[in-house]
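1. Task: produce atomic coordinates for the following.
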Amino acid sequence: GYNVLHPMGFDAFGLPAENAAISRGIHPFTWTMQNIDNMRRQLKSIGAIYDWNREVITCQPEYYKWTQWFFLKLYQAGLAYRGKAPVNWCPRCQTVLANEQVVAGGFCERCGAAVIRRDLEQWFFYITKYADELMQHDGIDWPERIKTMQRNWVGKSVGTEISFALDYLGVEDKEIRVFTTRPDTIFGVTFMVLAPEHPLVAKLTSPEKRAEVEDYIARARQRSEIERQSAEREKDGVFIGAYAVNRLNAESVPIWIAD
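-> Coordinates of the predicted model:
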C-alpha cells in the first residue's frame, strides 16, 4: 500500500467540554484529558493504526498557538473582519450549535433545550476574495461532479447592482441595492424581497403590519437553513407595508420579507 500520513487528533476546545465538566464538578482540563485518554485506549484496543507521535489536541498551546498565528496573518492581510450573522443558539448551554447538532423538532442534541435563531457578532474570513482562484480547476485531477460541487459552493454570478429609492419614507437609508444577473428586466420588477433578518426590515415596516411581520420573523428563525433553502417546501412571505421606487420608471415596488 501507500505510505500515508494519517495523524489522530482530538477537537477538545470550547464551551461544550467546559459545561460537561462543570455539571460533573470536575475541572475542564481534567475532564477533557480523561476523555482523551479513554478514547485513545479504545482506538488502540480495536487495532487502529496511527502515528501517535503526531497526535494533536486542540486545547493545548502546542496546537492552538498555530491557529492563532494563522488568524493573525489573515487579519494583518485584511482577510478577517467582524460581522453579524444568524446562528443556532442553545439558551441553556449558552453556545452556538452547528445544524447537525440541532435534532428533530429544533432541540439541542446535548441538553434537549429548544434551539433559537439569533444574530451574533463574530469573525469572518473574506473567502470571496478567492472565488476566482477556487473556480480554476485546470490541472486538478478531480471527478467532474466534484468540480461542479465546488462551482456551486463558490456560487459566483456575474451581474450588476441596481438601487431602488427609499427617500420618501424619511429613513436614514436612502436606497436598497439589489444584485441581478438580468438588468435588462429591471423595467418589469413587480416586488422585492428582503431576508427576515435584514436590518432594514425593522426600519421600513409600517405600524399596521408590524405585528404580522414580527410573527413571521419569529417563525422564520425557528427554521433551519436546510428547511429555508429547500426547493420542495412551498415558499411564503409577508408584505411589510412599504414600497421602494424603481428609478428607471418611477414605479412603486412593494417590499416583502420571505425565507
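
2. For the rest of this, base every contact and every neighbour count on C-alpha atoms.
-> Fine.

3. In the stretch 151-259 of the chain, mark out all the helices, start to finish.
-> 199-204, 210-221, 225-229 (DSSP state H, counting those that start in this stretch).

4. If I average pLDDT within each of the ones you listed, which one is lowest?
-> Looking at the helices of the stretch 151-259 of the chain, the lowest mean pLDDT belongs to helix 225-229 (a mean of 71).

5. got a list of contacts for that one?
-> Around helix 225-229, the neighbours that count as contacts under C-alpha atoms under 8 Å, 6 or more residues apart in numbering are Asn99, Ala220, Arg233, Asp259.

6. go on, stretch 11-23?
-> His27, Pro28, Trp31, Thr32, Ile57, Thr58, Cys59, Cys93, Thr95.

7. Pull the most distant pair out of those.
-> Using C-alpha to C-alpha, these span at most 22.8 Å, a distance reached by Ile57 and Cys93.

8. Buried ones among the contacts of helix 225-229?
-> Buried members of the contacts of helix 225-229, counted by 16 or more other C-alpha atoms under 10 Å: Ala220, Asp259.

9. The contacts of helix 225-229 into TSV, with extra columns for distance to Phe107?
-> Converted to TSV, these look like this (distance: C-alpha to C-alpha, whole Å):
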residue	distance to Phe107
Asn99	11
Ala220	16
Arg233	21
Asp259	21
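
10. how about the helices of the stretch 151-259 of the chain in JSON lines, adding distance to Leu43?
-> What follows is those, written out as JSON lines (distance: least, C-alpha to C-alpha, whole Å):
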{"stretch": "helix 199-204", "distance to Leu43": "49"}
{"stretch": "helix 210-221", "distance to Leu43": "40"}
{"stretch": "helix 225-229", "distance to Leu43": "34"}
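
11. Any idea which of those helices gets closest to Ala48?
-> Here helix 225-229 is closest among the helices of the stretch 151-259 of the chain (C-alpha to C-alpha), at 35.0 Å.

12. Pro7 versus the spatially closest residue to Val154 that is not a sequence neighbour, what's the distance?
-> Excluding the flanking residues, the one nearest Val154 by C-alpha to C-alpha, 6 or more residues apart in numbering is Ala131, at 6.2 Å. Ala131 is 30 Å from Pro7, where distance means C-alpha to C-alpha, to the nearest Å.

13. Please apply the same query to Asp51.
-> Asp51 is 6 Å from Pro7, where distance means C-alpha to C-alpha.

14. one step back: which among the helices of the stretch 151-259 of the chain is found nearest to Ala104?
-> helix 225-229 (11.8 Å).
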